[in-house]
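>>> build me a model from this:
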Amino acid sequence: MTNALDILWATLEAVEPVLTPDAWRRLPTESRSVLAASKLFVPGPPAHRIRCPACVTPHMAPIIARPGPAGSTRLFVKCPREARVPITEAHRQTWRGNARSVAQSIAASLNLMGGIRARRSDRVIDCGNLESHGQRVSVYFARALCRRDGHRYAQAIPRSPLPSVVFVPSEIPPDDIWLEPKPLVLALSGNCELSDEALVVNGRIVEQSLAQRVDVRRDPQYLFRRAGDYWDVSFNGSGVIHIDHSVGMTYLALLLAAPYRDVAALDLLVARAGVHPDTIWGGAGEIADEEFLRQIRVRYSDLQTRKDEATKHHDLGTLHRVQQEMDQLAAELGRRMDRRGKPRKQTDAETVRKAVSNAVSRAIDGFKDHLPALRLHLTGAIKSGTVFTYLPEKELDWSL
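Residues are numbered from 1 along each chain as shown. Next up, the predicted model:
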């Protein structure tokens, strides 16, 4: 079935993955049967032009429809040798490469968790998550990335702390279409087979490739690491469990990374957005005034213009840097302004303290059922207030 799969990969690398009626008929009967039965190809829209079925010398001709007896429709093509050549609906049937069926085959072969979900039409499909040595890795199927508009679809794949796995039909796209961190890209061509009318993907190639790209730590005793929408957590060799992402989990990770150090609640709030309060404006706790707001608006407008230009010219490096600065400005503005868009007063420090404390408490309580030992440890080791401190009895080697 190698030839049949080669046809599938070549078809899926096209923007419109449709096989003409003539190309479909040229496939061996067995290949057509298996590809249709496995739903790797499904019937597509009827063709308006076909190759004349009566001539040895190939020529394309438009399909002509005329009324027939008893309300039927007669179909034919004009031929210089035969004048009119009658055809049937089968002659004009196209076949479409079924990207969703390929994604389902990937999910079944690798025992992925989660459902199948299209990100951008059928050009990018989320296949689910792969469990690899205690780490959760997202797996996608993407096609036609080497076409002119491929970069737009490549950037529809969400960024995550761990490199995602992206399967493509056969053509490996250039590195510059990806946002950092670049995913692990694998070609299905040569790494799968048709068996019992089903596409089976070789899972070993994924594990081998991940082992080279991902820093895999086997059975870490103390793990607290984000993996997309989840956190992978273990405590004192308990085994890895998965906790839904929350603001409080981010605060806990920041505290675990800085044992025995005082961290202000305000610093935790701002660091969650990836920027320290002193890094942009050189001060903390200042009340925003009109001049400050004007400078923010001018700078943000300038960055938006640069972002639009970078997007237009596919300048990914500039786009990434501009977006980072825009995120920093948004975080700084959030630090200095309240929810109604008015400058924060000095009394807002108490509001920040309560918000951060509540988020940390909720995150710790979330371990009650799955990791009660970790809940007990964090309850006793974290001092909360205007300043937070993580004070374990002994320093633990957290994998963060």
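>>> confirm that residue 243 sits in a helix.
No - under DSSP: H, G, I helix; E, B strand; the rest coil, residue 243 sits outside any helix and is assigned strand.
>>> what's the neighbour count on it?
Counted with other Cβ atoms under 10 Å, residues neighbouring residue 243 total 17. Just so you know, the C-beta spots here come from the backbone N, C-alpha and C atoms, and that holds for glycine as well.
>>> repeat that for residue 382.
20.
>>> who does it bridge with?
Here residue 382 sits in beta bridges with residue 390, as judged by DSSP bridges.
>>> could we number from 128 for the rest of this?
OK, 128 is where the count begins now, so the last one is residue 509.
>>> quickly note the distance from it to residue 322.
53 Å (Cβ to Cβ, to the nearest Å).
>>> I'd say residue 511 and residue 486 touch.
No - checked against Cβ atoms under 8 Å, the pair residue 511 and residue 486 is beyond contact range at 10.5 Å.
>>> part of a strand, is residue 321?
Yes - using three-state DSSP, the secondary structure at residue 321 is a strand.
>>> ok, it touching residue 134?
No - taking contacts as Cβ under 8 Å, residue 321 lies outside contact range of residue 134: 11.8 Å.
>>> for residue 265, name its beta-bridge partners.
Going by DSSP bridges, residue 265 is paired in beta bridges with residue 256.
>>> for burial, what's the neighbour tally of it?
23.
>>> equivalent analysis for residue 522, please.
Other residues within reach of residue 522, judged by other Cβ under 10 Å, total 8.
>>> what secondary structure does it sit in?
The local conformation at residue 522, judged by three-state DSSP, is coil.
>>> what sits against the closest residue to it other than its chain neighbours?
Spatial nearest neighbour of residue 522, excluding adjacent residues (Cβ to Cβ, 6 or more residues apart in numbering): residue 386 at 5.8 Å. Each residue near residue 386 by Cβ atoms under 8 Å, 6 or more residues apart in numbering is listed here: 517-519, 522-523.
>>> and residue 386, that one's in a strand?
No - looking at residue 386 with three-state DSSP, it is coil, so not inside a strand.
>>> show me what the helix ranked longest in the chain is packed up against.
Looking across the chain with DSSP state H, the single longest helix is helix 417-439. Under the contact criterion of 3 or more Cβ pairs under 8 Å, 6 or more residues apart in numbering; DSSP states H and E, helix 417-439 touches helix 443-463.
>>> give the other helices and strands that the helix it packs on contacts.
helix 392-398, helix 404-408, helix 417-439.
>>> try it again with 7 Å
helix 404-408, helix 417-439 (3 or more Cβ pairs under 7 Å, 6 or more residues apart in numbering; DSSP states H and E).
>>> circling back: what's the closest of the contacts of residue 386 to residue 237?
When the contacts of residue 386 are ranked by distance to residue 237 (Cβ to Cβ), residue 523 comes first, at 33.3 Å.
>>> what's the closest non-adjacent residue to that closest one?
Of all residues not flanking residue 523 in the chain, residue 349 sits nearest, at 4.9 Å (Cβ to Cβ, 6+ apart).
>>> ok, residue 255 next?
residue 239 (3.2 Å).
>>> equivalent analysis for residue 374, please.
Excluding the flanking residues, the one nearest residue 374 by Cβ to Cβ, 6+ apart is residue 486, at 4.7 Å.
>>> that's a strand at the one you found, yeah?
No - checked against three-state DSSP, residue 486 lies outside a strand; its state is helix.
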